[in-house]
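# Sequence first, predicted model second:
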Amino acid sequence: MEWTGQVYADAPMVSVSTYIEAPVEHVWALVSDIHLMPRLSSELQEVEWLEGATAPQPGSRFIGRSSHPDLGSWETTSTVVEYEAPHRFSWAVGDPDHPGSTWRFTLSRQGPGTALEQWAQMGPAPSGLTFAIKAMPEKEQKIVFVRLREFETGMKANLAALKDLAEREM
């Protein structure tokens, strides 16, 4: 990732993608299983559906419990904002109309396999990062850049693990 100089108010984004030698329906089953994600993520530790939900659909909500060596542990509530099987799954962290972040998986057929993208956007609402920015406003660009790089590194690891799992199961 190259230096962007962005500030939090820019709602900065990052995305990574990969090609998986597995049909899109198979990859979809993996990325839409929120209980798989804690096994793949270095930050996300646990997820739990809320209000009787058992699978993603627009409006369903879940709790995510995360941990980071520098940021501590936290819990967020996310709402599924897009669920278009087998192509798009996204959720907003916090208020779905004004989220602290938004995350998305996009899948498309590419020959016999699947092109998979994971995307994330910070803001526009405050998030845990806001505390660090308020404490050191002169370092906001660096704080945002470092966190985007962490997102990118985590997402690359997620996609590598999904690729390995999907291809091994075929």
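Good, I have the coordinates.
# tell me the centre residue of the protein?
Trp103 (4.0 Å; C-alpha atoms, centre = their mean).
# Quick one: neighbours of the residue nearest to Gly100 when sequence neighbours are not counted, just the number.
Among residues not flanking Gly100 along the chain, Ser127 sits closest, at 3.6 Å (C-beta to C-beta, 6 or more residues apart in numbering). Glycine gets a C-beta too; all of them are placed from N, C-alpha and C. Neighbour count for Ser127, taken as other C-beta atoms under 10 Å: 19.
# Backbone dihedrals for Ser127, both of them.
With angles defined as degrees, to the nearest 10, Ser127 sits at phi -140, psi -170.
# I'd guessed it sits against Ser101; true?
Yes. With contacts defined as C-beta atoms under 8 Å, Ser127 counts as touching Ser101 at a distance of 5.9 Å.
# Quick check: neighbours shared by these two?
Common neighbours of Ser127 and Ser101, counting by C-beta atoms under 8 Å, 6 or more residues apart in numbering, are 93-94.
# my read: Ala160 touches Thr18, true?
Yes. The pair Ala160 / Thr18 is scored as a contact, 7.3 Å apart, by C-beta under 8 Å.
# Show me which of the two is the more surrounded one.
Per other C-beta under 10 Å, whichever of Ala160 and Thr18 has more neighbours is Thr18, with 17 against 13.
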